[in-house]
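S.K.: Structure for the following, please:
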Amino acid sequence: MVFSSRLKGSYRGMYSALDLGHGDTVLEVGVGTGASLDFCPVGVKVEAIDFSEPMLEKARARIDSRADAPEVSFTKMDAHRL
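M.R.: Numbering: from 1, shown residues only. Predicted coordinates for the structure are as follows:
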């Protein structure tokens, strides 16, 4: 499935629409600062990619500051080369 936070009006709506359960995996393309990860349920694995290392650093810091964060793997890559 492909979702845009703009289509649902919020990152909460995006993750809610996916109806994720413990152990599910999500590929988040263009994770940016990781703001969307605030709404990802605990127990979900996220493969987060972005072309910008500075954005990935912000996203990592955001996840590191949470006690109840999902499991996230960050990778610097160009989505056009998936």
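S.K.: switch to C-alpha atoms for all contacts and neighbour counts from now on
M.R.: OK.
S.K.: Mind listing what's buried along whichever helix in the chain runs longest?
M.R.: As assigned by DSSP state H, the longest helix anywhere in the chain is helix 53-64. For helix 53-64, the neighbour count (16 or more other CA atoms under 10 Å) marks M55, L56, A59, R60, R62, I63 as buried.
S.K.: Can you name the residues that contact the third one?
M.R.: Under the criterion of CA atoms under 8 Å, 6 or more residues apart in numbering, the contact list for A59 reads V31, G32, T33, G34, A35.
S.K.: and the gap between the fourth one and G21?
M.R.: Taking CA to CA, to the nearest Å as the criterion, G34 is separated from G21 by 20 Å.
S.K.: Those two: which is more packed in?
M.R.: Between G34 and G21, G34 has the larger neighbour count (other CA atoms under 10 Å), namely 20 against 12.
S.K.: Quick check: pLDDT value at the closest residue in space to the more buried one that isn't next to it in sequence.
M.R.: By the measure of CA to CA, 6 or more residues apart in numbering, the closest residue to G34 outside its immediate chain neighbours is A59, 4.2 Å from it. If you check A59, the pLDDT there is 96.
S.K.: Could you shift the numbering so residue one becomes 27, and keep it that way?
M.R.: Okay, residue one is now 27; in that scheme the one you just asked about reads as A85.
S.K.: Output the contacting helices and strands for the host helix or strand of G39.
M.R.: If you go by DSSP states H and E, G39 is part of helix 37-44. Contacts defined by 3 or more CA pairs under 8 Å, 6 or more residues apart in numbering; DSSP states H and E place helix 37-44 against helix 31-34.
S.K.: any idea which helix or strand comes after the longest helix of the chain?
M.R.: Counting by DSSP H and E, the next helix or strand C-terminal to helix 79-90 is strand 97-102.
S.K.: which residues sit against that following strand?
M.R.: Outside strand 97-102, the residues that touch it by CA under 8 Å, 6+ apart are 68-79, 82, 86, 89.
S.K.: Understood, closing this out.
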